[in-house]
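Participant: just a sequence and a predicted model for now, questions to come.
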Amino acid sequence: MAIPWQVSRPGAFWLLLAFVLCTVPLLRYLPLWLPVVPAVALVWRLGIYRGRWGAPGRWLKLVLTGGCVAGLAFSFPRFSGLEPMMSLLICAFSLKLLEMYQRRDALVVVFLAYFVAIALALFDQGALTALYIVLAILIVTASLAGVHHSGTVTCYRRPLVKSLYILAQAIPLMVIFFLVMPRLGPLWGVPSPSSGITGMSDSLVLGDITRLGSSSAIAFRAEFADEMPPRDQLYWRGVTLSRFDGRRWSRVDWRGQAVSTIPWQEETSARWNKNVITGSRAPIDYRIILEKTGGDWLYSLWYPQPLSENVGVLRDVTLKSRQPLTRRMEYWVRSYPDVRVDETGLTDERRAVEMSLPRDSNPRTRQLAAQWARETPDAQVLVKRILAYYQESFFYTLTPPALGEHSVDDFLFRSQAGFCEHFAASFVFFMRAAGVPARIVAGYQGGEVHPQEGYLIVRQYDAHAWAEIWLEGQGWVRVDPTAAVAPQRVLSSLLDLMSADVVFANSPLDLVRFQNIAWVNRLRLQMEAFEYSWARWVLGYNSLQGDFLKRLLGGQDVYRLAAFLLIGSLLSLVPVLFVLYRGREEKPHPADSIYRIFCQRLARAGCQRMTGEAPQAFCHRSAAKFPANAVAISEITACYVALRYSPGGGDLARFRKRVRAFRVKR
């Protein structure tokens, strides 16, 4: 007989399955050695489950604990942040599973499993991740039901059915609270997981954007209020890079010092100014849902006016968020494509920043630029001459050769092959050496239009870098030297310029590379539309909540909300009350109908069972009246009593067979 506190085999099965579902998705965000700990715990617990091994000894637990401590200390010199905390949690979760001896230990493992399952949302908040978390919670709840079952229960399906009942009862109330309750900020800050952040950086080294060219991860989505601009005008500006140290281009503040962030007070002094707006084209209104980047810069078309809170405009005409983006962000922008920012000349300090070059860097380019500047003093004519030089023998490639210490000299006079950042960086260096203020702009260009929904999907392989030069009387003017070498990169997309096998050489299973297969492309677009709807209506519901409740309730006053919350909560409890009421009804046992047939045969023979008469009492009375059937009557009654009052006792098929064969012998 099982020990009273022993976990049933179905409970242990669902608990092990919950352990696997909760830990496996998190392992790709954590150190490479960490999967060894849950693997050892799982294998040992499976051995106990199958009855081959006993409880782990003290030495095994000490070795695993010491290994976890040493691994954490080696992997995280500073034990702060989300990754080290999650690594510690996974280690504790695994060790607790290994030393699970009693039911209370199993309950601790279950509660840890709930926490670990929800923690996956800290790394990814996509729709598929949310569905996976729901599945994990369903299995964890099944393990909780299995742990509370008796050790003699052998039904593996019953805990899962119980879990489905519990979650189904909770869903209506969850929806009501989701629609009505306001979104509160977190009580404490959670550091953003660095392993979950990819994309554009606020500095540039030759090769950075090239690496993004092989990734189809979504950078952001843009939905236009009216007609979408032509593709060759979709230059999504992110950061301007003005400081060059010979290797890296980086952002600068307006005092000429390289910084990673700019205080919000300085940004507010450079807000949008209507006095600079000129031109005939109508403004463009659009909404952007930006994936987390870990940075504070936002993306927009030329000359943006932010229409959302906590978004500011910098003097370099880029947008910045008040806080770093540790989760998806939705914001509205109005852009004026015909604006020319004429500041009546740059200040001496800003001109020095936009023309600074490292001393003794790239001497051949400096010499040629000085010569061309003397021969072509007009800046616009000089730009045309440089672009014509690019068109002569340069070509566009995702696999450029390595460059030496003087990278611009190597690119312009030796390799002459590169990606967009090679053309932009060399062009800006050349223009500065020729005496024209210039800077690099890093962002994205183009995007994929969703054929059904109509919004724009901008992916990492749309990352792009171009140049802006300062022309007196016109301000900053965009020049894209990449368009001179590979115009298809701007007019179509990277996939139209290069084959999918080249772009996705490192990701052979990426669905984007199979766009030419109709059913795969339809599946990809449907998944993308579902993900976009999830981002808008679930993750971004905070911005839609007011309008939605006004349409639903006709207003948003406190009385309407309270009535909706009360009525909705009561209605959501109806299925719970129905299940509870049905549970109180006594369900007939299948042995009762068979025993009733047995009693009817005795009644026809002259021995009627009296109302309320116990089976054993009726057995003694009928056996005394029909001695020839005494043995059969006793065996049938014993089978019936075992089936009805002893869980797991008796055989229903054998009982039915005996009743069918029973005949009264007079």
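Facilitator: Sure, I can see it. Numbering: from 1, shown residues only.

Participant: and the helices in the stretch 51-200 of the chain, which stretches?
Facilitator: Here the stretch 51-200 of the chain has its helices, by DSSP state H, counting those that start in this stretch, at 58-75, 82-98, 103-119, 127-148, 157-180.

Participant: any idea of the mean pLDDT in the second one?
Facilitator: Taken as a whole, helix 82-98 has an average pLDDT of 88.

Participant: for the last one, same thing?
Facilitator: If you average the pLDDT over helix 157-180, you get 84.

Participant: so what secondary structure elements neighbour it?
Facilitator: helix 9-27, helix 127-148, helix 541-553, helix 558-572, helix 574-584 (3 or more C-beta pairs under 8 Å, 6 or more residues apart in numbering; DSSP states H and E). Glycine gets a C-beta too; all of them are placed from N, C-alpha and C.

Participant: can you say which of the helices of the stretch 51-200 of the chain is nearest to residue 289?
Facilitator: For residue 289, the closest of the helices of the stretch 51-200 of the chain is helix 127-148, at 13.0 Å, according to C-beta to C-beta.

Participant: from the chain's centroid, how far away is that closest one?
Facilitator: Distance, stretch centre to chain centre, for helix 127-148: 18 Å (C-alpha atoms, centre = their mean, to the nearest Å).

Participant: buried ones in it?
Facilitator: 127, 130, 132-133, 136-148 (16 or more other C-beta atoms under 10 Å).

Participant: helix, strand, or coil at residue 359?
Facilitator: Secondary structure for residue 359, judged by DSSP: H, G, I helix; E, B strand; the rest coil, is coil.

Participant: burial of it, as a residue count?
Facilitator: 5 (other C-beta atoms under 10 Å).

Participant: same check, this time on residue 597
Facilitator: Neighbour tally, residue 597, other C-beta under 10 Å: 12.

Participant: just the pLDDT for the most centrally placed residue in the chain.
Facilitator: In the chain, the centroid-proximal residue (C-alpha atoms, centre = their mean) is residue 124; its distance is 2.5 Å. What the model reports as pLDDT for residue 124 is 80.

Participant: please apply the same query to the one 4 residues further on.
Facilitator: As predicted, residue 128 sits at a pLDDT of 86.

Participant: now do the contacts for it.
Facilitator: residue 531 (C-beta atoms under 8 Å, 6 or more residues apart in numbering).

Participant: again with residue 16
Facilitator: 42, 45-46, 49.

Participant: of these, buried ones?
Facilitator: Looks like the contacts of residue 16 have 42, 45 buried, using 16+ other C-beta under 10 Å.

Participant: okay, buried residues for stretch 107-122 please.
Facilitator: Those would be 107-110, 112-114, 116-117, 119-120, 122, for stretch 107-122 by 16+ other C-beta under 10 Å.

Participant: what's around residue 421, how many residues?
Facilitator: For residue 421, using other C-beta under 10 Å, the count is 26.

Participant: following the host helix or strand of it, which helix or strand comes up?
Facilitator: Using DSSP states H and E, the element containing residue 421 is helix 420-433. Using DSSP H and E, the helix or strand that follows helix 420-433 towards the C-terminus is strand 438-445.

Participant: give me the next element, helix or strand, following that following strand.
Facilitator: strand 448-449.

Participant: tell me how many other residues surround the closest residue in space to residue 369 that isn't next to it in sequence.
Facilitator: Closest residue to residue 369 apart from its sequence neighbours, by C-beta to C-beta, 6 or more residues apart in numbering: residue 433 at 3.5 Å. Other residues near residue 433 come to 23 when the count uses other C-beta under 10 Å.

Participant: residue 317 too?
Facilitator: Neighbours of residue 317 (other C-beta under 10 Å): 21.

Participant: helix/strand/coil for it?
Facilitator: coil.

Participant: thought it was touching residue 475?
Facilitator: No. Using C-beta atoms under 8 Å, residue 317 is not in contact with residue 475, being 9.4 Å away.

Participant: quick one: stretch 102-110 to chain centroid distance?
Facilitator: Distance, centroid of stretch 102-110 to centroid of chain: 30 Å (C-alpha atoms, centre = their mean).

Participant: now stretch 547-561
Facilitator: 31 Å.

Participant: how about that stretch, which residues are buried there?
Facilitator: For stretch 547-561, a neighbour-count test (16+ other C-beta under 10 Å) marks 549, 553, 560-561 as buried.

Participant: equivalent analysis for stretch 83-91, please.
Facilitator: Buried residues in stretch 83-91 (16+ other C-beta under 10 Å): 83-87, 89-91.

Participant: next: stretch 516-531.
Facilitator: 524-525, 528, 531.

Participant: now do the SS call for residue 249.
Facilitator: Applying three-state DSSP: residue 249 is strand.

Participant: what pairs with it across the strands?
Facilitator: residue 204, residue 244 (DSSP bridges).

Participant: residue contacts, it?
Facilitator: By C-beta under 8 Å, 6+ apart, the contact set of residue 249 is 203-205, 241-243, 425, 440.

Participant: narrow the buried residues of stretch 516-531 to those in helices?
Facilitator: 524-525, 528, 531 (DSSP state H).

Participant: could the residues you listed go into JSON lines alongside pLDDT and distance to residue 630?
Facilitator: Putting those into JSON lines (pLDDT from 0 to 100; distance: C-beta to C-beta, whole Å) gives the following:
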{"residue": "524", "pLDDT": "79", "distance to residue 630": "76"}
{"residue": "525", "pLDDT": "78", "distance to residue 630": "78"}
{"residue": "528", "pLDDT": "81", "distance to residue 630": "77"}
{"residue": "531", "pLDDT": "80", "distance to residue 630": "74"}
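
Participant: what is the nearest of those to residue 169?
Facilitator: residue 531 (28.5 Å).

Participant: identify the residue spatially nearest to the closest one, adjacent ones excluded.
Facilitator: Closest to residue 531 by C-beta to C-beta, 6+ apart is residue 127, at 5.1 Å.

Participant: what's the distance between the one you found and residue 590?
Facilitator: Per C-beta to C-beta, to the nearest Å, residue 127 is found 44 Å from residue 590.

Participant: what number of residues lie near the residue lying closest to residue 589 once chain neighbours are set aside?
Facilitator: Leaving aside its sequence neighbours, residue 589 sits nearest to residue 644 (C-beta to C-beta, 6+ apart; 5.8 Å). Using other C-beta under 10 Å, residue 644 is surrounded by 15 other residues.

Participant: repeat that for residue 61.
Facilitator: Burial of residue 61 is recorded as 15 neighbouring residues (other C-beta under 10 Å).

Participant: what's the answer for residue 449, then?
Facilitator: With other C-beta under 10 Å as criterion, residue 449 counts 12.

Participant: which residues does it contact?
Facilitator: Taking C-beta under 8 Å, 6+ apart, one finds 228, 455-457 in contact with residue 449.

Participant: hey, which helix or strand in the protein has the poorest pLDDT?
Facilitator: Lowest mean confidence among the helices and strands of the chain (mean pLDDT, DSSP states H and E): helix 264-268, at a mean of 40.

Participant: that older thread, and the contacts of residue 249, which is closest to residue 372?
Facilitator: residue 425 (17.9 Å).

Participant: how far away is that closest one from residue 533?
Facilitator: Taking C-beta to C-beta, one finds residue 425 at 39 Å from residue 533.

Participant: more neighbours: those two, which one.
Facilitator: residue 425 (24 against 12).

Participant: any idea how far residue 72 is from that one?
Facilitator: For residue 425, the distance to residue 72 - C-beta to C-beta - is 41 Å.

Participant: one more: residue 661?
Facilitator: Note on residue 661: its distance to residue 72, by C-beta to C-beta, is 70 Å.
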